[in-house]
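Participant: requesting a structural model of the entry that follows:
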Amino acid sequence: MSAQEETQLVHRPVFLIPKDTGPMTIAQEFATAKYTLSKNQLKAWYLFIASMDENHVPEQSTTYVFDALRFADKLNIDARKARGMMVAEIFTKLSQNYIDLRSRGDDNGEQDIYHANFISELSYNRKTHILEVSIPPRLNQYLFNLREGTYLSMDIEDILALDTIVSMRLFIYLRNLDCLNIHELSIERFRSEIGIYPESSYKEFKRKVLTGSIEEIRNRTKYKDFFIDDDGGPGRKATTIVFGFTKQAIADTYFPNLAPALVKQLREKFSERILVLFSMACEEGFEPSYIKDNFDGIPEDRIVSNFHLVFDRITKDERMGKKKELDVYGRYFIAAVKQDWAGASHQTKTALKKGMARIENKQLEERMREVQEQEENQDRANFYLKHAKDYVAAMTLSDLLSFMKRNASQLDYLAGRRGFNREHACSRKKTYREYRLLTQVVLGKMMAGEIPTPKTNSLFE
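Facilitator: Next up is the predicted model:
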């Protein structure tokens, strides 16, 4: 590990010992952790985590036993080669990777340290092709929380189909946001959390990471309509990305009610600050469709200063109880810019300064709203996870048997080759994988609205 990486880790939370960590947080940590793995090692590690429930040995909480040839099939290793041995070698190399997390030093230079290899013990039998893997207890707990709190297992086939590390990490990160109904975020937050090429410019990042990954995800997974767009344009710096895994339209940030063609035209013509200004003016009767070519060739400072004068007039009219119809003010915005009211009244400098302050305040409000939405989404994820666990705990035996019968196919699918053990599920012991699978199904149905979240003391009314 380089000195730079160690410095970065000092400032990161010790995420291997999670305390009620929500699905979004734990998925972000997983997708952006600074692994030094090859493509095949990363795929094998993902596949291992996704199939933990299926290969877990209940009596040994940190030991997993699985068929190396089955893993070789999933990893597309050439059938003519010693495939089982090749899988064992991949896991041997994984065992050499480690996680080293340190807290900030105190006054005496003392630090909390957590250091663990990915794999603590490994054995492979060439006759049976059985691979036995043991992992450290704390790492084991983190990975179980990951399995419970994210959608990794559901998309493992798509993840394995991808061909580059950056596309795999991007896919996992955005799929988890997608499952939490988050489809828009600032480029600053996106790049900070994805952690790929952090020192490059956005233009270079887009060329090196996004362009190729978008094409790869479309071509190799079931998400043929996957997209990532930004709000950049000629002479305008991009600040926000919007992404989706389907063609479903996502409302524009500033103009959710305008026709897409008009929004596209506005974004091509005007900078971010002017779009913010227009969005505020829309609340006061301004119609962007009226612009047409009226503002062509007019400096943006002139638009800002004259829009401020109209906002100022609206405020004064409102204060005096003489506010006009909205369409009147809508025409004022156009006339003020075309006739340069600010210049004619020698107020350009003052109006520009106040107009810029108005825009900055609006942008600050939007950033605060974004932060609040992120917190609310995290709270939402934690809320559903808590109630999913409560729902499972509160089921009577009759409720549980009925639930397992209704959702048998989904539970059996998640359980894999070993099948879903109904007796283990009925015991509701948290050490059994069946408890985690039940919770996972309930969580998914709650977030989809198929199971109502409790509004009373009873979960089953």
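Participant: which parts of the stretch 101-250 of the chain are helices?
Facilitator: Ranges of helices within the stretch 101-250 of the chain are 137-149, 156-161, 165-179, 187-194, 202-205, 211-220, based on DSSP state H, counting those that start in this stretch.
Participant: quick one: the last one to chain centroid distance?
Facilitator: The one in question is helix 211-220. 18 Å (C-alpha atoms, centre = their mean, to the nearest Å).
Participant: ok, now the second one?
Facilitator: Relative to the mean C-alpha coordinate of its chain, helix 156-161 is positioned 18 Å out (C-alpha atoms, centre = their mean).
Participant: re earlier: out of the helices of the stretch 101-250 of the chain, which is closest to F278?
Facilitator: With C-beta to C-beta, the closest approach to F278 among the helices of the stretch 101-250 of the chain belongs to helix 187-194: 21.3 Å. For every residue, glycine as well, the C-beta is placed using N, CA and C.
Participant: which other helices and strands contact that closest one?
Facilitator: Where contact means 3 or more C-beta pairs under 8 Å, 6 or more residues apart in numbering; DSSP states H and E, helix 187-194 is packed against helix 23-32, helix 165-179, helix 202-205, strand 240-244.
Participant: burial of the nearest residue to I156 once chain neighbours are set aside, as a residue count?
Facilitator: Nearest-residue entry for I156: A50, 4.1 Å, with adjacent residues in sequence omitted and distances by C-beta to C-beta, 6 or more residues apart in numbering. Residues lying near A50 (other C-beta atoms under 10 Å) number 22.
Participant: let's have the chain start at 138 instead
Facilitator: Renumbered: residue one is now 138, and that last one reads A187.
Participant: A187 reaches E294, doesn't it?
Facilitator: No. Using C-beta atoms under 8 Å as the test, A187 is too far from E294 to be in contact (9.4 Å).
Participant: one step back: nearest to H561, of the helices and strands packed on helix 324-331?
Facilitator: That would be helix 160-169 among the helices and strands packed on helix 324-331, by C-beta to C-beta, at 23.8 Å.
Participant: heading C-terminal from that closest one, find the next helix or strand.
Facilitator: helix 176-187 (DSSP states H and E).
Participant: packing partners of that next one?
Facilitator: Helices and strands touching helix 176-187, by 3+ C-beta pairs under 8 Å, 6+ apart, are helix 205-211, helix 220-232, helix 274-286, helix 293-298, helix 302-316.
Participant: report the backbone C-alpha coordinates of the fourth one in PDB.
Facilitator: Just to be clear, that refers to helix 293-298. Provided in PDB are the C-alpha atoms of helix 293-298 (Å, rounded to 0.1, in the frame of the first residue of the first chain):
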ATOM      1  CA  ILE A 293     -24.200 -11.100 -10.300                       C
ATOM      2  CA  GLU A 294     -24.600 -12.400 -13.800                       C
ATOM      3  CA  ASP A 295     -24.500  -8.900 -15.300                       C
ATOM      4  CA  ILE A 296     -21.500  -8.000 -13.100                       C
ATOM      5  CA  LEU A 297     -19.600 -11.100 -14.300                       C
ATOM      6  CA  ALA A 298     -20.500 -10.300 -18.000                       C
END
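Participant: what residues does it touch?
Facilitator: With contact meaning C-beta atoms under 8 Å, 6 or more residues apart in numbering, helix 293-298 is reached by 180, 183-184, 187-188, 211-213, 289, 305, 308-309, 357-360.
Participant: can you do 6 Å?
Facilitator: K180, Y183, A187, K211, M305, R357, T358 (C-beta atoms under 6 Å, 6 or more residues apart in numbering).
Participant: next one: stretch 439-450
Facilitator: Against stretch 439-450 from outside (C-beta under 6 Å, 6+ apart): 411, 414, 469-470, 473-474, 478-479, 485, 488-489, 491-492.
Participant: phi first, then psi, for Y201.
Facilitator: phi -130, psi 140 (degrees, to the nearest 10).
Participant: on that earlier part again, would a markdown table of the contacts of helix 293-298 with pLDDT and distance to F557 be doable?
Facilitator: Formatted as a markdown table, these follow (pLDDT from 0 to 100; distance: C-beta to C-beta, whole Å):
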| residue | pLDDT | distance to F557 |
| --- | --- | --- |
| K180 | 86 | 26 |
| Y183 | 81 | 23 |
| A187 | 78 | 17 |
| K211 | 86 | 21 |
| M305 | 87 | 29 |
| R357 | 92 | 30 |
| T358 | 91 | 27 |
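Participant: just flag the most distant two among these.
Facilitator: A187 and R357 (17.1 Å).
Participant: let me know how buried K264 is, in neighbour terms.
Facilitator: Using other C-beta under 10 Å: K264 sits among 6 other residues.
Participant: now it: phi and psi?
Facilitator: The phi/psi pair for K264 (degrees, to the nearest 10) is phi -80, psi -40.
Participant: re the thing from before, mean pLDDT lowest for which of the helices and strands packed on helix 176-187?
Facilitator: With a mean of 67, helix 274-286 has the lowest mean pLDDT of the helices and strands packed on helix 176-187.
Participant: return the distance of P589 relative to A531.
Facilitator: Taking C-beta to C-beta, to the nearest Å as the measure, P589 falls 13 Å from A531.
Participant: filter the contacts of stretch 439-450 to the buried ones?
Facilitator: Applying 16 or more other C-beta atoms under 10 Å to those, the neighbour count classes 411, 414, 469-470, 473-474, 478-479, 485, 488-489, 491-492 as buried.
Participant: tell me which of the helices and strands packed on helix 176-187 is the most buried.
Facilitator: Of all the helices and strands packed on helix 176-187, helix 302-316 carries the top mean neighbour count, a mean of 22, counting by mean count of other C-beta atoms under 10 Å.
Participant: quick one, that helix and helix 348-357 angle?
Facilitator: Angle between the axes of helix 302-316 and helix 348-357 is 70 degrees (criterion: axes from the mean of the first three to the mean of the last three C-alpha atoms, to 10 degrees).
Participant: which helices and strands does helix 302-316 pack with?
Facilitator: Helices and strands touching helix 302-316, by 3 or more C-beta pairs under 6 Å, 6 or more residues apart in numbering; DSSP states H and E, are helix 160-169, helix 348-357.
Participant: per-stretch mean pLDDT over those, give me the minimum one.
Facilitator: Across these, helix 160-169 has the smallest mean pLDDT, namely a mean of 48.
Participant: I'd guessed I256 sits against S232; true?
Facilitator: Yes. With contact defined as C-beta atoms under 6 Å, I256 reaches S232; the gap is 3.8 Å.
Participant: what segments of this structure are strands?
Facilitator: Residue ranges of the strands in the chain, as given by DSSP state E, are 200-204, 235-239, 250-254, 258-262, 267-271, 321-323, 364-367, 377-381.
Participant: what's the least confident stretch among those strands?
Facilitator: When I compare the strands of the chain, strand 235-239 is least confident, with a mean of 69.
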